[in-house]
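Engineer: Sequence first, predicted coordinates after that:
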Amino acid sequence: MTSQSAADAARPNPLLGDAALAERIFRHIDDGTTDLGESVWREPVSHYLSRERFEAECALIRRHPTPFCPSSALPENGSYLARIAAGNPVVVTRGDDGEVRAFINACRHRGMQVASGSGCAKALSCPYHGWTYGLDGTLKGVPGQSGFPDLDREQHGLKSVSVIEQGGIVYVQQEGDIDPTQLTHALEHFSVDQQLFDQQVLTDAANWKLLYETLMEGYHIKSLHRESFYPFGYDNLNVVETFGPHSRVVYPFQRIEQIRSTPTEDRKLNGLVTSVYMLFPNASISVLSKHSNLVILEPVSPTQSQWVIYSMVNKGPDGSPITLDEAKRDAAFVSDSGQEEDRAAATAIQEALPSGANSHLTFGYFEKAIVHFHQQLERALNLSSNG
């Protein structure tokens with residue numbers, strides 16, 4: 001873990017620091033402005049309905065290093081976590097050597113999933129016929145092996161997939177090997193020992209991209225979140241930065257005025273803004289006042305998706321601890337108000353799409369991060385089809 005932390009510290013950060021970020025926010029507050037994009041994007045409605053498009057996007061996700069869980073979801077040697085990712089069952093383990101590994105969660109006998117949920121174990125055992133695998137994926141035990149006289153155990157371990165743990169996040173790529181350069185700026189958000197206090201899966205009748213888009217702009221804050229987020233923040237006031245295929249959208253709270261008179265170089269934004277890092281293709285990290293969420297939006301079908309949400313306790317502005325109760329209250333406010341409103345909006349949009357009222361959805365200058373996302377998605381899909 002020490003070498004990992006040192007590597008993270010040495011990695012360049014292309015995003016604004018607190019001082020420059022605060023300066024830009026105060027300028028927007030004073031001028032009544034916000035960060036703007038430079039182009040309008042029109043996304044065909046068919047891309048939210050088509051089975052062919054859905055399959056292409058899932059295949060793309062499987063070819064990219066995507067956050068699977070925070071490191072803190074595998075807190076000790078022997079830990080495992082299993083779930084569906086981009087349509088495939090995947091299990092990640094932390095072995096006796098402390099290393100994280102990832103596998104397709106399918107027994108090499110008859111394909112039964114060998115792990116469910118999360119926990120801690122010395123081995124993974126298939127519940128169907130009892131074939132047993134080590135946490136490194138090797139086939140350890142076969143009941144009645146005499147019935148399989150030609151079985152080569154070395155060739156029948158769990159099918160491994162590429163995995164990398166860095167910056168407190170476990171990334172999985174199901175097809176091909178992870179290119180570490182793709183993660184240069186995406187690995188600096190969590191500490192490996194950050195306390196995980198909640199895991200949940202939410203299912204919505206909406207395309208994954210509609211849900212993802214709700215996280216990327218503040219143009220809707222006043223109209224959709226009038227009673228929840230808006231009284232504490234601003235309408236349509238964001239700092240939006242793009243880095244590689246990713247982006248960061250910063251939502252300031254009105255209490256940022258507390259540091260307006262603070263010397264520029266001493267300004268700290270902990271607890272004064274919400275920063276949402278969009279990690280291409282389908283994950284995000286939301287850093288809120290008392291807690292942070294790692295969210296993976298998993299496509300289930302063209303019209304159904306799941307939010308996989310891991311919630312962790314933040315550190316205070318001066319590095320002091322935030323209590324678990326404070327983090328839980330913070331998380332409850334977000335999930336019970338604004339998040340529910342976003343989910344309902346995406347679902348309502350999905351219901352209207354087949355009507356034919358719109359041939360495309362329009363994203364303007366206020367929706368810079370969404371435009372960037374769709375540009376990157378289209379580029380990646382075109383590269384795949386032409387490759």
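Structural biologist: Yep, that arrived.

Engineer: how much space between the residue positioned nearest the centre of the chain and residue 105?
Structural biologist: The centroid of the chain falls nearest to residue 283 when counting by Cα atoms, centre = their mean (2.6 Å). To residue 105, residue 283 is 20 Å away according to Cβ to Cβ, to the nearest Å. Backbone N, C-alpha and C define where each C-beta goes, glycine included.

Engineer: what do you get for residue 323?
Structural biologist: Applying Cβ to Cβ, the value for residue 323 to residue 105 is 36 Å.

Engineer: Looking at those two, which one has more neighbours?
Structural biologist: More neighbours surround residue 105 than the other of residue 323 and residue 105, with 24 against 11 (other Cβ atoms under 10 Å).

Engineer: The more buried one touches residue 90, doesn't it?
Structural biologist: Yes - assessed by Cβ atoms under 8 Å, residue 105 is found in contact with residue 90 at 5.8 Å.

Engineer: what's in contact with stretch 90-102?
Structural biologist: 68-69, 71, 74, 76-84, 103-105, 113-115, 124, 134-137, 158, 160-163, 165, 170, 172, 174 (Cβ atoms under 8 Å, 6 or more residues apart in numbering).

Engineer: Please state the offset of it from the chain centre?
Structural biologist: 20 Å (Cα atoms, centre = their mean, to the nearest Å).

Engineer: how about the helices in the stretch 151-300 of the chain?
Structural biologist: Taking DSSP state H, counting those that start in this stretch as the test, the helices found in the stretch 151-300 of the chain are 208-213, 221-224.

Engineer: and those helices as JSON lines, adding mean pLDDT, distance to residue 23 and mean neighbour count?
Structural biologist: Shown next, in JSON lines, are the helices of the stretch 151-300 of the chain (pLDDT from 0 to 100; distance: least, Cβ to Cβ, whole Å; neighbours: other Cβ atoms under 10 Å):
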{"stretch": "helix 208-213", "mean pLDDT": "98", "distance to residue 23": "28", "mean neighbour count": "24"}
{"stretch": "helix 221-224", "mean pLDDT": "95", "distance to residue 23": "22", "mean neighbour count": "15"}
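
Engineer: Tabulate those helices (CSV), appending distance to residue 35.
Structural biologist: Converted to CSV, the helices of the stretch 151-300 of the chain look like this (distance: least, Cβ to Cβ, whole Å):
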stretch, distance to residue 35
helix 208-213, 17
helix 221-224, 14
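
Engineer: residue with max distance from the center of the chain?
Structural biologist: Max radial position in the chain (Cα atoms, centre = their mean) goes to residue 146, at 45.5 Å.

Engineer: So that residue: helix, strand or coil?
Structural biologist: Here residue 146 is recorded as helix under DSSP: H, G, I helix; E, B strand; the rest coil.

Engineer: Contacts only, for residue 27.
Structural biologist: Taking Cβ under 8 Å, 6+ apart, we find residue 27 in contact with residue 33.

Engineer: Low-confidence regions, the stretch 151-300 of the chain specifically.
Structural biologist: Residue ranges of the stretch 151-300 of the chain with pLDDT under 70: 186-188.

Engineer: can you do 90?
Structural biologist: Along the stretch 151-300 of the chain, the parts satisfying pLDDT under 90 run over 167, 180-194.

Engineer: Flag every buried residue along the longest helix that the chain contains.
Structural biologist: Counting residues, the longest helix found in the chain (DSSP state H) is helix 368-386. Neighbour-count burial for helix 368-386, with 16 or more other Cβ atoms under 10 Å as criterion, is recorded at 368-374, 376-377, 380-381.

Engineer: from these, which is closest to residue 215?
Structural biologist: residue 369 (8.5 Å; Cβ to Cβ).

Engineer: so the closest one sits right up against residue 280, yeah?
Structural biologist: No - if you go by Cβ under 8 Å, residue 369 and residue 280 don't touch, sitting 10.8 Å apart.

Engineer: returning to that earlier point: now do the shared contacts for residue 105 and residue 90.
Structural biologist: In contact with both residue 105 and residue 90: residue 82, using Cβ under 8 Å, 6+ apart.

Engineer: Now the helix or strand harbouring residue 58: buried residues?
Structural biologist: Assigned by DSSP states H and E, residue 58 belongs to helix 51-62. Neighbour-count burial for helix 51-62, counted by 16+ other Cβ under 10 Å, picks out 53-54, 56-58, 60-62.

Engineer: okay if I get the residues you listed as TSV plus pLDDT and distance to residue 15?
Structural biologist: Shown next, in TSV, are these (pLDDT from 0 to 100; distance: Cβ to Cβ, whole Å):
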residue	pLDDT	distance to residue 15
53	98	31
54	98	32
56	98	30
57	98	27
58	98	29
60	97	25
61	98	24
62	98	28
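
Engineer: which one of those residues sits closest to residue 270?
Structural biologist: Closest approach between the buried residues of helix 51-62 and residue 270, by Cβ to Cβ: residue 61, at 32.0 Å.

Engineer: quick one: terminal-to-terminal distance for stretch 349-359?
Structural biologist: Stretch 349-359 has an end-to-end distance of 13 Å (Cα to Cα, to the nearest Å).

Engineer: Give me the mean pLDDT for it.
Structural biologist: The average pLDDT within stretch 349-359 is 98.

Engineer: What of stretch 126-133?
Structural biologist: Across stretch 126-133, the per-residue pLDDT values average to 97.

Engineer: Now find how far off-centre that stretch is within its chain.
Structural biologist: The answer for stretch 126-133 is 31 Å, by Cα atoms, centre = their mean.

Engineer: likewise stretch 136-145?
Structural biologist: 34 Å.

Engineer: and if you look at stretch 237-255?
Structural biologist: Going by Cα atoms, centre = their mean, where stretch 237-255 is centred and where its chain is centred differ by 16 Å.

Engineer: try stretch 213-226
Structural biologist: Distance, stretch centre to chain centre, for stretch 213-226: 19 Å (Cα atoms, centre = their mean).

Engineer: contacting residues around it?
Structural biologist: Against stretch 213-226 from outside (Cβ under 8 Å, 6+ apart): 34, 229-230, 233-238, 247, 249, 251, 276, 278, 284, 286, 295, 337-338, 341-343, 345-346, 363, 366-370, 373.
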